[in-house]
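1. Got a sequence here, can you model it:
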Amino acid sequence: MLIERILAAARPATASTACLHAVDAVRDAGLMAEWGRLVRRMSEPNAFAEPWFFAASAHLDGADAVRLLVVRHGGVLTGLLPVIVAPHYGRIPVAHVQGHLHYHSLLGTPAVRAGQEEAFWSAILDLLDQARWAKGLLHLTAIPEDGPVHRGLIAAAAERSRPCDIVHRHERALLQSTLTPTAYYERTVRKKKRKELKRLEQRLSECGTVVTRHFGPDDDLPAWIDAYLTLEASGWKGAAGSALALQPETAAFFRAALTGAHAAGRLDLLRMDLDGAPIAMLVNFLTAPGSFSFKIAFDEAYARFSPGVLLQIANLDLLDRPDYAWMDSCAIEDHSMINSLWAERRALVRLSVPLSGPRRRLIFALCRMAERAAARRRARRMVLPMEPENAD
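-> Residues are numbered from 1 along each chain as shown. Reported below is the predicted structural model:
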């Protein structure tokens, strides 16, 4: 559009610029080092947007299809966004640019330097507008609602007279409080349930010596990783074929992710042992001032004692750590276990922004029209007519 070309020409020469990274980022030591320095100044914490997690994700199927968009300002790295060209927009067979999240990547906020959010998205939109490979529209998933990254995208889109539509919204459990762990637990969990959990804890202690502890400097990380993979595979995920250990690529990803997190000072492992053997394990990523509860597994032979719940209660000790203001559960919406323990909620949104050009604008309009029609149909199905009391 003419207005967009005029605005682009009016932007200062020192504006942020984006490029498509042309080589394997994981093998580019210089870029990975820059990325590591950027992490310390990120606008919003996101363990899944850090270089060690990106490097671990290279083990997974589909990694070759990821394009890494790199933004610089005055030669300084200010942000990165991994994207793919997805063949379907929901159920609609429309190719489009989508922020890349794989099954184990649980938050979509890109790594952006604080204060550069609008400039970052302006550079990304300019690049995608001009790229022939960039189809349809830009779609992002699992973005924290109304955070600085979200607001930056809204501003960059508005500058180009474009919408930044929220096409889906959901909430998941968040741990965030100034209370002590004990006070929080007593405030959040009703007395009857606390009493029951205490009874289960006592019954479990009758089976042997129960010890709950964090991974320490003298512990063997590969041994802890092996223990987690074995524990997870012993349960329903193993039976369903979805346990990490069952596929070489997912096992390699998990090992690399935890090893990389540990090297970066991001790893927190918590386990509950019965007579020296783990019956529950929890993986957290610590990205001050935030943190993320990544994976949990437990021995289903002891399911009647709820070891996973007891371990999450022990995990409340995060509230005593002054460097961390919150922990994202990374759980599905309405997860019964974690929702019963954590009172706060985090809103995440999926966003769609049109790219320039008549064809891409039309694709965006048609996709949004289809989404709105589907939403109206869902709403009508939820409103069922009331039958009269005396139908006969």
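
2. quick one: the helices in the chain?
-> For the chain, the helices identified by DSSP state H occupy 2-10, 29-39, 51-57, 117-130, 148-159, 181-188, 191-205, 221-233, 236-240, 248-263, 307-314, 336-341, 358-382, in order along the chain.

3. which of the residues in the last one are buried?
-> Using 16 or more other C-beta atoms under 10 Å as the burial criterion, the residues of helix 358-382 that qualify are 360-361, 363-364, 367-368, 371. All C-beta spots, glycine's among them, are computed from the backbone N, C-alpha and C.

4. for it, packing partners?
-> strand 137-144, strand 165-175, strand 344-354 (3 or more C-beta pairs under 8 Å, 6 or more residues apart in numbering; DSSP states H and E).

5. can you list those strands in a markdown table and add mean pLDDT?
-> Formatted as a markdown table, the entries for the helices and strands packed on helix 358-382 read as follows, by pLDDT from 0 to 100:
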| stretch | mean pLDDT |
| --- | --- |
| strand 137-144 | 98 |
| strand 165-175 | 98 |
| strand 344-354 | 98 |
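
6. Figure out which of the ones you listed is closest to A158.
-> Each of the helices and strands packed on helix 358-382 was checked against A158 via C-beta to C-beta, and the shortest separation belongs to strand 344-354, namely 10.4 Å.

7. How far away from the center of its chain is the closest one?
-> The chain centroid and the centroid of strand 344-354 are separated by 11 Å under C-alpha atoms, centre = their mean, to the nearest Å.

8. For it, name the packing helices and strands.
-> strand 137-144, helix 148-159, strand 165-175, helix 358-382.

9. got the angle between the longest one and strand 137-144?
-> The one in question is helix 358-382. Counting by axes from the mean of the first three to the mean of the last three C-alpha atoms, to 10 degrees, helix 358-382 lies at 50 degrees to strand 137-144.

10. Now do helix 358-382 against helix 117-130, angle only.
-> In terms of direction (the same axes, to 10 degrees), helix 358-382 departs from helix 117-130 by 110 degrees.

11. Repeat that for the first one.
-> For strand 137-144 against helix 117-130, the angle by the same axes, to 10 degrees is 150 degrees.

12. Could you check the angle strand 137-144 makes with helix 148-159?
-> Strand 137-144 and helix 148-159 are oriented at 150 degrees to each other (the same axes, to 10 degrees).

13. Alpha carbons of strand 137-144, as PDB, please.
-> Taking Å, rounded to 0.1, in the frame of the first residue of the first chain, the C-alpha atoms of strand 137-144 are listed here in PDB:
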ATOM      1  CA  LEU A 137      -0.200 -13.600   7.400                       C
ATOM      2  CA  LEU A 138       1.800 -13.700  10.700                       C
ATOM      3  CA  HIS A 139       0.400 -15.900  13.400                       C
ATOM      4  CA  LEU A 140       1.800 -16.200  16.900                       C
ATOM      5  CA  THR A 141       0.800 -18.500  19.700                       C
ATOM      6  CA  ALA A 142       1.000 -18.500  23.500                       C
ATOM      7  CA  ILE A 143       1.900 -14.800  23.900                       C
ATOM      8  CA  PRO A 144       1.300 -13.300  27.300                       C
END
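
14. I'd like to know how many residues surround the closest residue to R255 other than its chain neighbours.
-> With sequence-adjacent residues excluded and distances taken as C-beta to C-beta, 6 or more residues apart in numbering, R255 is closest to I225, at 5.5 Å. The burial metric for I225, expressed as a neighbour count using other C-beta atoms under 10 Å, is 22.

15. Likewise for the one 5 residues further on?
-> Applying other C-beta under 10 Å, we find 16 other residues in the vicinity of T230.

16. give me the low-pLDDT residue ranges for the stretch 251-392 of the chain?
-> Within the stretch 251-392 of the chain, the stretches with pLDDT under 70 are 384-392.

17. mind running it again at 50?
-> 386-392 (pLDDT under 50).

18. Repeat that for the stretch 1-150 of the chain.
-> With pLDDT under 50 as the threshold, the stretch 1-150 of the chain has low-confidence stretches at 1-13.

19. Let me have the buried residues of helix 358-382 in JSON lines, extended by distance to N339.
-> Converted to JSON lines, the buried residues of helix 358-382 look like this (distance: C-beta to C-beta, whole Å):
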{"residue": "R360", "distance to N339": "40"}
{"residue": "R361", "distance to N339": "40"}
{"residue": "I363", "distance to N339": "38"}
{"residue": "F364", "distance to N339": "35"}
{"residue": "C367", "distance to N339": "32"}
{"residue": "R368", "distance to N339": "31"}
{"residue": "E371", "distance to N339": "27"}
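
20. do you know which of the helices and strands packed on strand 344-354 lies nearest E333?
-> Among the helices and strands packed on strand 344-354, strand 165-175 comes nearest to E333, with 4.5 Å by C-beta to C-beta.

21. No further queries at this time; thank you.
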